[in-house]
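> quick check, what structure comes out for this input:
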Amino acid sequence: MILVLNGPNLNLLGQREPGIYGSTTLGQLEDLCGTWAADLGMDVSCRQTNHEGVLIDWLHAAEEGGFTGVILNAGGLSHTSVALLDAIKSIRLPVVEVHLSNVYAREEFRHRSLIGAACRGCISGFGTGSYRAALVALHAVLGPAR
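Reported below is the predicted structural model:
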């Protein structure tokens, strides 16, 4: 099972800056992730929080909870959180960082991801398709035992 974690402000998808993040709501994105995962023979569990410590707790508990990989959109915390970097480094599961927008076409501070150094890879700029690509990538990395 794949754990899909969404961080701060992603609960406002569909209403927050739709020109950047699109019009898809978080609930719709979670439904899409479920459909895409099923197409790959995988299961997902989606969670969202506006709190850094909750993301860290979920990462720490992921393997024990039966998850085999993580898709993480940490939002703005991607660019600022050493604590999230350390949490990702502390687990054995592959983590794929995702962003809806192309972070390199935005403000300069978004061009550097602190958490990216600990992730298996990063996919950005494809809207909700970034999540689909991350599922495909994890499917390829995990193989039949997912």
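> from now on I want contacts and neighbour counts done on CA atoms only, so please keep to that.
OK.
> can you pull up the bridge partners for the closest residue to residue 134 other than its chain neighbours?
Counting by C-alpha to C-alpha, 6 or more residues apart in numbering, residue 134 lies nearest to residue 96, which is 6.3 Å off, once chain neighbours are set aside. Here residue 96 sits in beta bridges with residue 71, residue 121, going by DSSP bridges.
> residues in contact with residue 96?
70-72, 119-123, 134, 138 (C-alpha atoms under 8 Å, 6 or more residues apart in numbering).
> distance of it relative to residue 7?
In this view, residue 96 and residue 7 are 14 Å apart by C-alpha to C-alpha, to the nearest Å.
> which neighbours do these two share?
For the pair residue 96 and residue 7, residues contacting each of them under the criterion C-alpha under 8 Å, 6+ apart are residue 72.
> quick check on the contacts of residue 96: which are buried?
70-72, 119, 121-123, 134, 138 (16 or more other C-alpha atoms under 10 Å).
> any chance of the residues you listed in TSV with pLDDT as columns?
As requested, these are arranged in TSV below (pLDDT from 0 to 100):
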residue	pLDDT
70	98
71	98
72	98
119	97
121	96
122	96
123	97
134	98
138	97
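> now the two most distant members of those residues.
Distance extremes for the buried ones among the contacts of residue 96: the farthest pair is 70 and 123 at 13.1 Å, using C-alpha to C-alpha.
> render the CA-only coordinates of stretch 81-96 in CSV, please.
C-alpha atoms of stretch 81-96 as CSV (Å, rounded to 0.1, in the frame of the first residue of the first chain):
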residue,chain,number,x,y,z
SER,A,81,12.0,21.9,6.6
VAL,A,82,15.1,20.2,7.8
ALA,A,83,12.9,18.2,10.2
LEU,A,84,11.0,16.6,7.3
LEU,A,85,14.4,15.9,5.5
ASP,A,86,15.6,14.1,8.6
ALA,A,87,12.3,12.2,8.9
ILE,A,88,12.5,11.0,5.3
LYS,A,89,16.2,10.0,5.9
SER,A,90,15.2,8.0,9.0
ILE,A,91,12.8,5.6,7.1
ARG,A,92,13.6,2.8,4.7
LEU,A,93,10.6,3.3,2.4
PRO,A,94,11.0,5.0,-1.0
VAL,A,95,9.6,8.5,-1.0
VAL,A,96,8.6,10.4,-4.1
